[in-house]
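Peer 1: Quick one: sequence and predicted model below, then my questions.
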Amino acid sequence: MDLTYTDEEREFRARLRDWLGKTLPELPAKPSPDDWPGRRAYDAGWQRRLYDAGYAGLHWPVDAGGRGATPTQHLIFLEETERAGAPYVGANFVGLLHAGPTIAAEGTAAQRARWLPPVLRGDEVWCQGFSEPEAGSDLAALRTRAVRDGDDYVITGSKIWTSHAEVADWCELLVRTEPVSEAVPKHRGISWLAMPMDAPGVTVRPLRTLAGSAEFAQVFLDEVRVPVANRVGEENDGWRVTMVTLSFERGTAFVGEVVACRRTLGGLARAAKANGRWDDPVLRRRLGRLYGEFGALWRLTQWNVSEAQASGGVPGVGGSVFKLAYSHARQELYDAAAQVLGADSLALDGEWMLDRLSSLSYTIAAGTSQIQRNIVAERILGLPKGR
Amino acid sequence: MDLTYTDEEREFRARLRDWLGKTLPELPAKPSPDDWPGRRAYDAGWQRRLYDAGYAGLHWPVDAGGRGATPTQHLIFLEETERAGAPYVGANFVGLLHAGPTIAAEGTAAQRARWLPPVLRGDEVWCQGFSEPEAGSDLAALRTRAVRDGDDYVITGSKIWTSHAEVADWCELLVRTEPVSEAVPKHRGISWLAMPMDAPGVTVRPLRTLAGSAEFAQVFLDEVRVPVANRVGEENDGWRVTMVTLSFERGTAFVGEVVACRRTLGGLARAAKANGRWDDPVLRRRLGRLYGEFGALWRLTQWNVSEAQASGGVPGVGGSVFKLAYSHARQELYDAAAQVLGADSLALDGEWMLDRLSSLSYTIAAGTSQIQRNIVAERILGLPKGR
Amino acid sequence: MRAVDFRLTQEQGDLRAGVRDLLAGRYGREALRASVEAGGALDRGLWRELGAAGFFALRLPEAAGGVGLGMPEAVLVFEEAGRALLPGPLVATHLAAGVVAGAAEGAAVVTAFDLGGALVTHLGEADAVLGAPSLPAGEPVPSADPLTPLHRVASPPAAAQAAAYRDEGALLTAALQVGSALRTVELAVRHGGEREQFGQPIGAFQAVKHLCAQMLVRAEVARTALYAAAVTADAGEAAGAKLLADEAAVRNARDCLQVHGGMGFTWEADVHLHLKRAWVRAEQWRRAEEAQELLAAELASAAT
Amino acid sequence: MRAVDFRLTQEQGDLRAGVRDLLAGRYGREALRASVEAGGALDRGLWRELGAAGFFALRLPEAAGGVGLGMPEAVLVFEEAGRALLPGPLVATHLAAGVVAGAAEGAAVVTAFDLGGALVTHLGEADAVLGAPSLPAGEPVPSADPLTPLHRVASPPAAAQAAAYRDEGALLTAALQVGSALRTVELAVRHGGEREQFGQPIGAFQAVKHLCAQMLVRAEVARTALYAAAVTADAGEAAGAKLLADEAAVRNARDCLQVHGGMGFTWEADVHLHLKRAWVRAEQWRRAEEAQELLAAELASAAT
């Protein structure tokens, strides 16, 4: 156990802080939430600055164009950018955190050369086409069908919960290349494809969330042709390829958010002092407890990163433990915020309610809490599967 | 909706209150918790007084020797005896609340005549032989075997969680009279027998609970002979016969306890005022919330009784809703008590800790909360059974 | 001879069924979604129909042109309104019947300072504010609940203004919450029975089953507290009913959302409407800590 | 180059394994149950062996005859003691090493006024009370925990007496709680895998599975907080670790009991020993509300 930073890490942090201090004031104004092209341009601009400064793909391997930084350096990066209020990864999320790492791990040299550099430069945006209306928690039950026709797959089906579909260039798409049968269980017969979003037959329909915004879309696919060369990994081996991506999602994707939550908690304390509710021990102790809990979650993040560091970068099922604790704590944070604000929490001119609404997805998205508990119970604790 | 009492009910309450005021001071001193024969004698004495005053078997049908009172009168009886601090039903619990009502509902005229009057007079004590070490939540998986031999069943097996086994005269025993097979599912092939506890082959071994007392026993049966005439209901029909009893257990058995909990809550408020913790809003509001919750549970009891009144006396699955809410509230009550008392809650010279320990069984005994939730989900809400 | 009987009388059952039919016909799902898209704007025609059906005049004496029924009947009616997510300042207008002209008939829309501060619901469409001498000016603010427009007034009155109506307001609001809590149980159970994952309806999984069971437990305990408080008119019981009903409505909407998974996170599902409205109602008339303190005070006085 | 690394060093791993082996050999289940039947009476021979193994002198400098290790190593050792339900005033005696003669070697049994009042654990067998000038007189009272005898002293000292040791005492107690919380996960998982009902191990039912999963989550979050606090020696982190560890130990013991069903309610099962001890420890050094207030104060000062 050693929570002190090396000289090298301290220097990395100092340089980054310096750069952020110079760069952030130069950024253009943030676009409005509904201005998708504007958001894409803004996110691309930020990514380009990171690229030029040598911070793009920090944790990607060097042979994939990344900087080969240690997980600890990556953690420092996420911590410092969040503290400084730098832009979120935004439209580049899937490219940098899902599709990119998948291609880096499983793609051919040609595929890496084609797809990775534009992601790092912020030139191309990816979206994710995994979930389907009938295949949510049971992702492997997906039905979108790809039929081989010469050098192409011809794809028909639909996808849901796709962020940034309106502005994406590419979609990391899971399709069924072999129908489920007695001989082929549902986890087999799936393939991973890179689909150009401007291909004929692709229709994007925005999906309005309970927060009133169109953060997601449904993507309808009607005989879309995708070259076989766009398949990453072997045919019918897409489930394994996907799991690489998903374990990234469950491992380190929440680092910045934990930092953000601790900042939120500070704002909450200030608000409670301002409106007098800090004097109510019920509320004060509730916030104290949350402060302790988010402190522990920040440490758990460091722990998971230490583990990832030791295992060569791929986070394990420990991410499920983190996600269960974090998603609950985050919802509790916004419940506490509502208690601090009282009736004022109902007015959307405050800053909290939209975050509270978003937080409702935390126990659902990227594997519901129920699914996470199954994973923890079966894969970590070794409890038997039910009949 | 009418929560006012009729003149007749008010008169019933007044007479009872009057009788309790005269009778309770005449009772002998309570025996110590470990003095089983003393406890039996004490409970029998109390039951005899009830019998002589016309309160025994209040809610039993008249043709079973009961008073045929309405459920509301029964509720008044339980409320007033609890408020007055009258003795609990104690050793007569199974006779009056499980075995007796079962025999009244399912027994022959001869069986009723033999077994019911001594229960009402407090002369004979019953215990319950349902659960087995390997058949807990899955009660129907019981293995204790009864083989027909002339006019007797010859019984071998063991039972667990049997209260008052040391002093009981009779045991309401569930046995397997037909082995489980393809043709005979486990719910079939069970019979209900009245077993004399002094029969050769019956061995009682006390079972110590986490509260340190021997409230329960294991009962070992080694070729015990029980006359076939002691069977209530048809052979192999014991599961249905039993369900009559269990629905009583889940329906109205907690009435007195809810009254007791409200009294406990009052004592807790006094203790908190005395040691100053009442001034802590965290604790005060916690107790306020519990006061509201137990108020609602008392009303839910009345509701269930109203339903039972309308359906002819047999409480339905609504008892599961009550039990889920009540067992949780009761455990929360003792957690709150520990908060009121602080470190003093650790000293067993206080009155709370033993009750706190007992309350730990509430989410387990008479159907765990997990089983109750299955019942509510499947039988009330109609959700499908899992594969 | 009648004994203590918690069950509804024939007349009460008929009343409830009648209101349910009325709302099903007049405020079904299409009307609900139209209200949502209209930002919670009230349908004055529907408001008058509610008035004509006795919704607001229910507890006014017949001599005063009312229906002459009591609080037990009122909570049944409001429970139905809560189920249907009927928008508008229903409680305030009901309390204003016989006090503010036009309220009883549904000709007037009456709101109240029931949020304990500067925020007022439906002020833009209100003809009066309960207990206020005149209609205050207010700035509209975006509302968390699409069915409850909010205004912020510059100088809110002293908290005492709505105090006279607080017990009854809290109880009727609890009825709306109970209706919502019962409705979200139904929505969760229906989805659990229909949605298939891993080769069976998700309602067959214990995780979903047990969530639904606890939802029913919460709703039934709150409903019992509500009915009892309506009959006894006891302030402590009313506070307990509000507390339990707020918890049931909010928790059940949350669990219903969880059962619905991603679908529950969409604008199209009704779940979020129940949740947001439950949040609003939890702040109205008597908040959780106020109810707990009132109950604690009752406990303390009962214990001495 | 070493980076920030939360994982145990080789030496730390060896230390933990060594302590686990020592306790398995010297304080296995038979010894545990013998302690229970003896009402928590201490085995002085074992106490001296613990002393010889460095349990109490672990953090004393080598120059002072100690082992010269730090708090990170101490919490690992105490975690193992918590797993094994090792009885005695372990924390107080450890804190007394170098202060009270004989404590470091396990020759003396030292208790403390760590319950914030008149109750003291193991006073009947203690040679000293940490920070007290002399051994106070006390009356034995029956204890909720069969492994923790209690005395009530006539005139308890001012709360300040144990204050100097509070942060470290809370942290080491948190370590005991974490050990217990991890152990009850193991007990629940083992029972869930073995006990069959309805034709399958009960651990195959989601209801049991999800209970166990949440137990692990609680224990792992608390463990992380504990290790971090041991490294940073930050008072706020120590308070957070105590708070989370208390919750984890108590809740896990409760859930473990639930998974065990009726068997968990028996004296023979070890579950109740974990629960009762967790209750005792939750009252020691820093109670939940004290930890919450300390954390709130830190939050407030960090936020300004």
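Peer 2: Everything's here; your move.
Peer 1: Secondary structure element holding the nearest residue to A:Ala329 once chain neighbours are set aside?
Peer 2: Nearest residue to A:Ala329 in three dimensions, chain neighbours excluded: A:Glu293, at 5.1 Å (CB to CB, 6 or more residues apart in numbering or on different chains). C-beta here means a position set from N, CA and C on the backbone, and glycine is covered the same way. Assessed by DSSP states H and E, A:Glu293 sits inside helix A:281-311.
Peer 1: next structured bit after that helix?
Peer 2: Taking DSSP H and E, what comes next after helix A:281-311 is helix A:318-341.
Peer 1: So which residues on chain C come close to chain D?
Peer 2: Taking CB under 8 Å from any CB of the partner chain as the criterion, chain C approaches chain D at residues C:Phe205, C:Gln206, C:Ala207, C:His210.
Peer 1: Which members of those residues additionally contact chain B?
Peer 2: Among these, the residues that sit close to chain B (CB under 8 Å from any CB) are C:Phe205, C:Gln206, C:His210.
Peer 1: filter these down to the ones near chain A?
Peer 2: C:Phe205.
Peer 1: And the helices in chain C, which stretches?
Peer 2: Secondary structure of chain C, counting by DSSP state H: helices at C:10-26, C:29-37, C:44-52, C:71-84, C:90-96, C:166-194, C:206-232, C:235-260, C:271-283, C:288-303.
Peer 1: any bit of the second one sitting next to chain A?
Peer 2: This means helix C:29-37. No: in terms of CB under 8 Å from any CB, no part of helix C:29-37 sits within range of chain A; the closest distance is 10.3 Å.
Peer 1: ok, back up a step: so which of the helices of chain C is nearest A:Ala91?
Peer 2: Of all the helices of chain C, the one in closest proximity to A:Ala91, counting by CB to CB, is helix C:271-283 (25.7 Å).
Peer 1: before we move on, the earlier item: so which of the helices of chain C gets nearest D:Ala188?
Peer 2: For D:Ala188, the closest of the helices of chain C is helix C:206-232, at 16.4 Å, according to CB to CB.
Peer 1: who does the closest one touch, helix- and strand-wise?
Peer 2: Applying 3 or more CB pairs under 8 Å, 6 or more residues apart in numbering or on different chains; DSSP states H and E, one finds that helix C:206-232 makes contact with helix A:369-375, helix B:281-311, helix B:318-341, helix B:369-375, helix C:71-84, helix C:166-194, helix C:235-260, helix D:206-232.
Peer 1: neighbours around the residue nearest to A:Phe322 when sequence neighbours are not counted, how many?
Peer 2: Once flanking residues are discounted, A:Phe322 sits nearest to A:Leu300: 5.5 Å by CB to CB, 6+ apart. By the measure other CB atoms under 10 Å in any protein chain shown, the count of residues near A:Leu300 is 24.
Peer 1: count of neighbours near the residue lying closest to A:Pro37 once chain neighbours are set aside?
Peer 2: The shortest distance from A:Pro37 to any non-neighbouring residue, by CB to CB, 6+ apart, is to A:Val167 (6.2 Å). As a burial measure, A:Val167 scores 19 neighbours (other CB under 10 Å).
Peer 1: My understanding was that A:Val167 contacts A:Arg40; is that so?
Peer 2: Yes: using CB atoms under 8 Å, A:Val167 is in contact with A:Arg40, at 4.1 Å.
Peer 1: Test my guess that A:Asn374 contacts D:Cys212.
Peer 2: No: between A:Asn374 and D:Cys212 there is no contact under CB under 8 Å: 10.8 Å.
Peer 1: Could you check which of the two is surrounded by more residues?
Peer 2: A count of neighbours by other CB under 10 Å puts D:Cys212 above the other of A:Asn374 and D:Cys212, at 28 against 23.
Peer 1: Now do the same contact list for the residue nearest to A:Phe322.
Peer 2: Counting by CB atoms under 8 Å, 6 or more residues apart in numbering or on different chains, A:Leu300 makes contact with A:Val321, A:Phe322, A:Ala325, D:Glu220, D:Val221, D:Thr224.
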